[in-house]
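1. dropping the sequence and predicted coords here.
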Amino acid sequence: MNRKLRLLVVEDEAAIRIGLRDVFVFHGYEVETAADGREGLRKALSGTFDLVLLDLMLPGIDGFEICNRIRAQDPEQPIILLTAKTADEDIIQGLTLGADDYVTKPFSVAQLVLRVQAVLRRSRVGMAEQGRLYLGPDVMVDVRSLSGQRGPVALSFTRREVEILQHLHASSERAVSREELLTKVWGYARNLDLETRTVDIHIAKLRRKIESDPSDPRLLVTVRGAGYRLLRD
Ligand code: CA
């Protein structure tokens with residue numbers, strides 16, 4: 001897949017809209033823009049974008065409504081919200097409507113580019129391009145067939161286990177907290193102690209599969225006080 005990834009930027013503030021277009025064009029994306037809610041909704045529903053950057057406060061139709069309408073049509077369309085508000089309710093409402101992530105204005109462009117890359121890696125585009133994960137010198141995980149190999153040993157995974165590996169893999173080797181895994185992989189909004197145990201149990205099962213010595217993990221490591229980290233090689 002060598003086609004350019006297509007982004008839609010829905011933003012009524014011209015300076016931000018043009019700035020984002022230029023930045024993402026610079027990073028190799030094909031970018032289309034919309035300056036109001038109606039145009040944004042129409043373009044977003046065309047289904048031709050790999051990711052939508054969506055401002056919440058828009059003339060015409062607001063970002064919440066657009067997000068809702070996109071989700072009704074395509075539950076998997078990657079969406080990142082641009083919110084001027086720091087109000088938690090807005091962010092929570094946006095994430096409840098199914099946005100993949102959000103940034104609060106004023107945002108760092110560099111960070112937004114990283115967020116876009118992370119969301120795309122976890123999306124169907126990322127899945128198609130990264131149908132396999134390679135970990136360490138001898139572990140391969142085939143995302144679609146839920147199978148893999150550790151050296152000569154054949155492995156099989158549950159969907160959930162593969163999603164955990166994908167999320168950790170997409171997180172660029174940073175430590176990922178149990179809470180984040182619960183939110184992103186299980187879709188839980190709240191973090192109960194009981195539920196974080198669920199994460200630990202899955203991690204232990206994964207280690208028995210991908211680690212040559214599960215009692216001394218070298219790939220899926222615990223970062224004290226922070227969570228889990230997946231080393232790729
Ligand atoms: Ca706006």
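-> In hand now; what should we look at? Numbers count the residues shown, from 1 in each chain.

2. shaky segments in the chain?
-> Within the chain, the ranges that satisfy pLDDT under 70 run 1-3, 85-88, 90-91, 94, 124-130, 172, 189-194, 233.

3. where exactly do the helices run in it?
-> For the chain, applying DSSP state H gives helices covering 14-26, 37-44, 63-73, 88-96, 109-122, 124-129, 159-170, 178-181, 193-210.

4. pick out the residue nearest the middle of this protein.
-> The residue lying closest to the centre of the chain (C-alpha atoms, centre = their mean) is Val119, at 3.0 Å.

5. does it touch Ile80 like I think?
-> Yes: the pair Val119 / Ile80 is scored as a contact, 6.1 Å apart, by C-beta atoms under 8 Å. Heads up, the C-betas are built off the backbone N, CA and C, glycines and all.

6. which neighbours do the two have in common?
-> 51, 100-101 (C-beta atoms under 8 Å, 6 or more residues apart in numbering).

7. most remote residue from the protein's center?
-> Computed with C-alpha atoms, centre = their mean, the most peripheral residue in the chain is Pro152, at 31.6 Å.

8. per-domain residue ranges of the chain.
-> With domains defined by automatic domain parsing, the chain comprises 6-126, 131-230.

9. so which of those is the most packed in?
-> domain 6-126 (a mean of 17; mean count of other C-beta atoms under 10 Å).

10. what about that domain and the ion, any contact?
-> Yes: Domain 6-126 is in contact with the ion by C-beta under 5 Å from the ion, via 12, 55, 57.

11. closest one of those residues to Leu112?
-> The shortest approach to Leu112 among the residues of domain 6-126 next to the ion belongs to Asp55, at 12.5 Å (C-beta to C-beta).

12. what bridges to that closest one?
-> Asp55 has these beta-bridge partners by DSSP bridges: Leu82.

13. how near is it to Val141?
-> 37 Å (C-beta to C-beta, to the nearest Å).

14. test my guess that Ala99 contacts Leu81.
-> Yes: between Ala99 and Leu81 there is a contact at 4.7 Å, judged by C-beta under 8 Å.

15. spit out the residues that contact the two alike.
-> In contact with both Ala99 and Leu81: 54, 67, using C-beta under 8 Å, 6+ apart.

16. Trp186 and the ion: what is the separation?
-> 32 Å (C-beta to the ion, to the nearest Å).
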